[in-house]
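**Student:** One predicted model, sequence on top.
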Amino acid sequence: EPEVTQTPSHQVTQMGQEVILRCVPISNHLYFYWYRQILGQKVEFLVSFYNNEISEKSEIFDDQFSVERPDGSNFTLKIRSTKLEDSAMYFCASSEVASGNTGELFFGEGSRLTVL
Amino acid sequence: QKEVEQNSGPLSVPEGAIASLNCTYSDRGSQSFFWYRQYSGKSPELIMFIYSNGDKEDGRFTAQLNKASQYVSLLIRDSQPSDSATYLCAVIGTYGGSQGNLIFGKGTKLSVKP
């Protein structure tokens, strides 16, 4: 069964460093998303991406964050100058149609980011 | 900002019983509602979605929506220990775009005792 894959599964970084989280969405999906979940907290929407551009972003997704689809398969989240509060599980998701239509997001297993 | 509220639990039910999970939402204009299941340390997975007032059944799961009361629930019949997980309620949010992205509640932790 097709799945969304994410790497790394866990990354530890020093405060102020840049991290890149990588995702390979399901191949025929057109919509891509990043969500995050701070330990014990809600799953929070960060950004959605369609047709090689950001379609929506939340207030969390400030200038510290960027997304890119550098080739036909990868979808990346870059976090510049990481802060302690960026420590969270970051989930990539993809969908065949806009989530507003079916809500069927397929989530990857997540990348746990720990900022020290 | 749309809000989704859930009782965090834990909700404990014996095996074979009906588990009832509840969710309220703040935006009366919300149209689409989703239930996700999240096992500890894992990613959310969609159980079902509901758009219309009333009940929607899928196997052992029934979603119920009451837009007048801004209330959505999930019933799990014949609960199994494998149903033990956190159940997330979600609604479509809007961040200025038209696509609609999910706003999640904090989730209700369900424990099914053998």
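**Tutor:** In hand now; what should we look at? Residues are numbered from 1 along each chain as shown, chains lettered A, B, ... in the order given.

**Student:** How about the secondary structure of residue A:48?
**Tutor:** Three-state assignment for residue A:48 (DSSP: H, G, I helix; E, B strand; the rest coil): strand.

**Student:** let me fix that: residue B:82
**Tutor:** The three-state label given to residue B:82 by three-state DSSP is helix.

**Student:** which residues touch the spatially closest residue to it that is not a sequence neighbour?
**Tutor:** Spatial nearest neighbour of residue B:82, excluding adjacent residues (CB to CB, 6 or more residues apart in numbering or on different chains): residue B:112 at 7.8 Å. Heads up, the C-betas are built off the backbone N, CA and C, glycines and all. Going by CB atoms under 8 Å, 6 or more residues apart in numbering or on different chains, residue B:112 touches B:12-15, B:17, B:19, B:79-84.

**Student:** wait, isn't residue A:52 in contact with residue A:69?
**Tutor:** Yes - shown here, residue A:52 and residue A:69 form a contact pair, counting by CB atoms under 8 Å, at 6.1 Å.

**Student:** Between those two, which is the more surrounded one?
**Tutor:** Between residue A:52 and residue A:69, counted using other CB atoms under 10 Å in any protein chain shown, the more crowded position is residue A:69 (16 against 7).

**Student:** pLDDT score assigned to that one?
**Tutor:** Note on residue A:69: pLDDT of 92.

**Student:** The closest residue to it other than its chain neighbours and residue A:31, how far apart?
**Tutor:** Counting by CB to CB, 6+ apart, the nearest residue to residue A:69 once its immediate chain neighbours are dropped is residue A:75, at 5.2 Å. Separation of residue A:75 from residue A:31 (CB to CB, to the nearest Å): 10 Å.
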